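Q: after the sequence you'll find the predicted model.
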Amino acid sequence: MAKPAFRHTRKEILGLSVPLFATVGFDGVSMRDIAAAVGVTPAALYHHFSDKEQLYLDAVGHAFEEKVGPLKSLLEGGEKPWDRLEAFVALFTRMLAREKDFRRLMQWVLLDSNEQRMQSLVDCVFRDLFTALRNLAGELAPSHDAHLLAVSTIGLVIYPFETQSVRRFLPGYQRQHEDPEAIARHIVGLLRNGLGGTIEEKS
């Protein structure tokens, strides 16, 4: 009996699945929905992926794969620590501004309450990049908590985009606040001024 023909390669299916997960998250789409959107039968989809969990994990990994490498290279480069941080923030900000699906997918990932799935994503996708950022944070401010500093840096970059639909109605909003270069300069300036000052412990 001849094997069925598959219209798309595994990589193509992943690329076509990313916008679906980015729009409605893991729980908002079924394998049948994905098969219909991709243009294959459910059987063909299961030929490449054992279940929706595997497809989702692989789709997130696919979406982040080409972005993690350049970001990690900037963090681990030979430049001065502040120059590396500035380059990282600038590139990360441009990515979020330019790629809506990537930005939305990241939001869904952060909202995921499934601990096992989150652990898999951390191990397979995020751990190396976060470790590189944490190591740089330790170079920049040895007296600070490197883990929290890395988390705060990521938060400073992501939050302006997560609140984009609301910010424009808040007092003081200007169109220049949408400029990724302006956002990056603000974040780096905030970190430089905050970390460069003396922190006095209050009793």
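A: Okay, I see it.

Q: buried residues, the longest helix along the chain. List them.
A: Longest helix of the chain, by residue count under DSSP state H: helix 52-75. Going by neighbour count (16 or more other C-beta atoms under 10 Å), the buried part of helix 52-75 is 52, 55-64, 67-68, 71-72, 74-75. Yep, even glycine has a C-beta here, placed from its N, CA and C like the rest.

Q: ok, stretch 153-172 next?
A: Neighbour-count burial for stretch 153-172, counted by 16+ other C-beta under 10 Å, picks out 153-154, 156-158, 160-162.

Q: average pLDDT for that stretch?
A: With pLDDT averaged residue by residue, stretch 153-172 scores 94.

Q: re earlier: in helices only, show me the buried residues of stretch 153-172.
A: 153-154, 156-158, 160-162.

Q: what is the nearest of the residues you listed to Ser143?
A: Thr153 (16.2 Å; C-beta to C-beta).

Q: so how far is Asp112 from the closest one?
A: To Asp112, Thr153 is 21 Å away according to C-beta to C-beta, to the nearest Å.

Q: give me the most central residue, the chain.
A: Met106 (4.6 Å; C-alpha atoms, centre = their mean).

Q: tell me the secondary structure at Pro171.
A: coil (DSSP: H, G, I helix; E, B strand; the rest coil).

Q: show me where this structure has its helices.
A: Counting by DSSP H, one finds helices in the chain at the ranges 10-24, 31-38, 42-48, 52-75, 81-98, 100-111, 115-121, 127-140, 146-162, 164-167, 180-196.

Q: in stretch 112-119, which residues are buried?
A: Per 16+ other C-beta under 10 Å, stretch 112-119 contains these buried residues: Arg117.

Q: chain center to it, what's the gap?
A: Relative to the mean C-alpha coordinate of its chain, stretch 112-119 is positioned 15 Å out (C-alpha atoms, centre = their mean, to the nearest Å).

Q: show me what contacts Pro70?
A: Neighbour list for Pro70: Leu91 [criterion: C-beta atoms under 8 Å, 6 or more residues apart in numbering].

Q: quick one: pLDDT of it?
A: pLDDT, Pro70: 94.

Q: shaky segments in the protein?
A: In the predicted model of the chain, residues 1-7, 195-203 satisfy pLDDT under 70.
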